[in-house]
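> After the sequence you'll find the predicted model.
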Amino acid sequence: MAFDFDQWIDRRHSDSLKWHKYGDRDVLPLWVADTDFRSPPCIIEAIKKRTDHGVLGYGATPTGLIDITVSRLAQRYNWHIQPEWIVMLPGVVCGLNLSVRAFTETGQRTVAPTPIYPPFRAASKLADREQVNLPLQLHNDRWVMELKTEAMQGNEKLLMLCNPQNPGGTVYRRDELEAQLAFAQQYDLIVCSDEIHCDLVLSRDAHHIPFAALSEDAAQRSITLISPSKTFNIAGLGASMAIIPNAELRKRFKQVREGIVPGVDILALVAAEAAWRDGDEWLTEQISYLRANRDWLVAQVKALPELRMNAPEATYLGWIDASRLDVASPALYFEKHGLGFSPGRDFGDDHFVRFNFGCTRALLERAVDRLQNAVKARR
């Protein structure tokens, strides 16, 4: 079965957060991490079947979703989990916030790479916790974390990881993950690993390895956050999971969640089960489409001396260094030229912008044309 990722779906006057941001201005929205692709038919059909039932009362997590999650993680990632380790959540971001509040106390610090997906930074700030930021550095065209011990003071409790990395697109190799584990062991850190992009590996020589699958020690100190939302473009439905092997950590996480974080929407549960059970054929074609978009975009950016971009190994997000443009804010500058990027400042480095290439090739070509014109205007 062929799926049409070139199909243009007009989202400009829908409830799309992505397309609503700029209203009727001539700005192409290439910021927040959802794609412009129609979700797989298996998901649409499952939702229709559920709504045709006609009764949409309180729902329980279907055993089918739990079973397919356990099976999928074993088959794709050789990670063997138990059903009772799974805690359902209405989003990965609330999992980040719950982890900070469950596993740190006043006066304790979190540790996270920088640049990093903004909710990592916000979760600590909202809980009034200081955060130690360990810089990402380019090594062999890959963004990897510098585990700098001089930044540690002994009051750190939670290490917040992102694999695949957002915004850099790195898929960490086993030795890199083992170094992160050794760092966590050295400072006795609990590890919260956001692995929401794990199914979106584009590079053929990269393979996702869950942090918790490294060893029993890694499992017992970890909270792993996953979701089909980014992979299958169902972020608006919000079915996510925290996988917590350690019973005591799981108890603390659930206690903080109780009465504050709601259960998962019944249609989100239906969509998640359909995605993971029947969506792999669609996913395979999407990966090919995104890989072609990535390769073309990287080639176009590299042709512009003022910009630098390394090919992300995963995700549909390009991290572009615009420091050579010599403008006060690259994001604002590009916005004036009709490009709505995520500002690097939100991730911890204002010299960059994040480019969402999870769109039709036609839209990507329009965006690159504007990008080229914006750069030429600075010459």
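Perfect, thanks for sending it.

> longest helix in the chain, by residue count?
helix 280-302 (DSSP state H).

> Quick one: distance of that one to the chain centre.
Taking Cα atoms, centre = their mean, to the nearest Å, one finds the center of helix 280-302 at 17 Å from the center of the full chain.

> How about that helix, which residues are buried there?
282-283, 285-287, 289-291, 293-294, 297-298, 300-301 (16 or more other Cβ atoms under 10 Å). C-beta here means a position set from N, CA and C on the backbone, and glycine is covered the same way.

> Going by distance to Gly358, which of those wins?
Using Cβ to Cβ, Leu290 comes nearest to Gly358 of the buried residues of helix 280-302, at 6.5 Å.

> Report how many residues lie close to the closest residue to the closest one other than its chain neighbours.
Nearest non-adjacent residue to Leu290, counting by Cβ to Cβ, 6 or more residues apart in numbering: Tyr316, 5.1 Å away. Close neighbours of Tyr316, defined as other Cβ atoms under 10 Å, add up to 26.

> Tell me the confidence at Tyr316?
We have a pLDDT of 98 for Tyr316.

> And His13, by the same measure?
86.

> and it, what helix or strand is that in?
When elements are assigned from DSSP states H and E, His13 belongs to no helix and no strand.

> I'd like the distance between it and Asp24.
Relative to Asp24, His13 is positioned 9 Å away (Cβ to Cβ, to the nearest Å).

> follow-up on the earlier one: surely the residue nearest to Leu290 and Ala292 touch.
No. Checked against Cβ atoms under 8 Å, the pair Tyr316 and Ala292 is beyond contact range at 11.5 Å.

> Quick check: neighbours shared by these two?
Counting by Cβ atoms under 8 Å, 6 or more residues apart in numbering, Tyr316 and Ala292 have no common neighbour.

> Just the strands from the stretch 151-300 of the chain, written as ranges.
In the stretch 151-300 of the chain, the segments counted as strands under DSSP state E, counting those that start in this stretch are 156-162, 190-194, 222-226, 240-243.

> Each with direction, which strands does the longest strand seen in the chain pair with?
Across the chain, the longest stretch assigned as strand under DSSP state E is strand 131-139. If you go by DSSP bridges, strand 131-139 pairs up with strand 109-114 (parallel), strand 142-145 (antiparallel).

> Figure out how far the shortest one is from the centre of its chain.
Going back to what we said before, that points to strand 142-145. That offset, for strand 142-145, works out to 16 Å (Cα atoms, centre = their mean).

> now do stretch 82-98
Worked out by Cα atoms, centre = their mean, stretch 82-98 lies 15 Å from the chain centre.

> What is the end-to-end distance of it?
Stretch 82-98 has an end-to-end distance of 21 Å (Cα to Cα, to the nearest Å).

> buried ones in it?
85-98.

> Averaged pLDDT, stretch 294-308. What do you get?
pLDDT averaged over stretch 294-308 gives 98.

> now what about that stretch, what contacts it?
202, 309-312, 316, 318, 320-322, 324-325, 355, 357, 361, 364, 368, 371-372, 375, 378-379.

> on that earlier part again, what angle do the longest strand of the chain and strand 156-162 make?
40 degrees (axes from the mean of the first three to the mean of the last three Cα atoms, to 10 degrees).

> State the mean pLDDT of strand 131-139.
Per-residue scores along strand 131-139 average to 96.

> Kindly report the same for stretch 79-90.
pLDDT averaged over stretch 79-90 gives 98.

> how far does that stretch sit from the chain's center?
For stretch 79-90, the distance to the chain centre is 19 Å (Cα atoms, centre = their mean).

> out of His13 and Asp24, which sits in the more crowded spot?
His13 (10 against 7).

> next one: phi and psi at the more buried one?
Per-residue torsions, His13: phi -120, psi 30 (degrees, to the nearest 10).

> List the residues that contact it.
So His13 contacts nothing (Cβ under 8 Å, 6+ apart).

> quick one: it from Ile287, how far?
From His13 to Ile287 the distance is 30 Å (Cβ to Cβ).

> give the contact list for Gly279.
40, 42-43, 228, 231-232.

> low-scoring stretches of the protein, by residue?
1 (pLDDT under 70).

> let's go with 90 and repeat that
1-2, 12-13, 148, 379 (pLDDT under 90).

> ok, back up a step: what element comes up after the longest helix of the chain heading to the C-terminus?
strand 308-309.

> Arg250 and Ile244 touch, don't they?
Yes. Shown here, Arg250 and Ile244 form a contact pair, counting by Cβ under 8 Å, at 4.0 Å.

> So which of these two has more stuff around it?
Between Arg250 and Ile244, counting by other Cβ under 10 Å, Ile244 is the more crowded of the two (29 against 19).

> can you count the residues close to the closest residue to Glu105 other than its chain neighbours?
Leaving aside its chain neighbours, Glu105 sits nearest to Lys157 (7.6 Å; criterion: Cβ to Cβ, 6+ apart). Neighbour count of Lys157, defined by other Cβ under 10 Å: 18.

> gap between Gly169 and Trp143?
Taking Cβ to Cβ, one finds Gly169 at 7 Å from Trp143.

> Between these two, which contacts overlap?
In contact with both Gly169 and Trp143: 310, 319, using Cβ under 8 Å, 6+ apart.

> if you skip the residues just before and after it, what's nearest to Leu202?
Arg291 (4.7 Å).

> ditto for Trp79
That would be Ala213: by Cβ to Cβ, 6+ apart, it lies 4.0 Å from Trp79.
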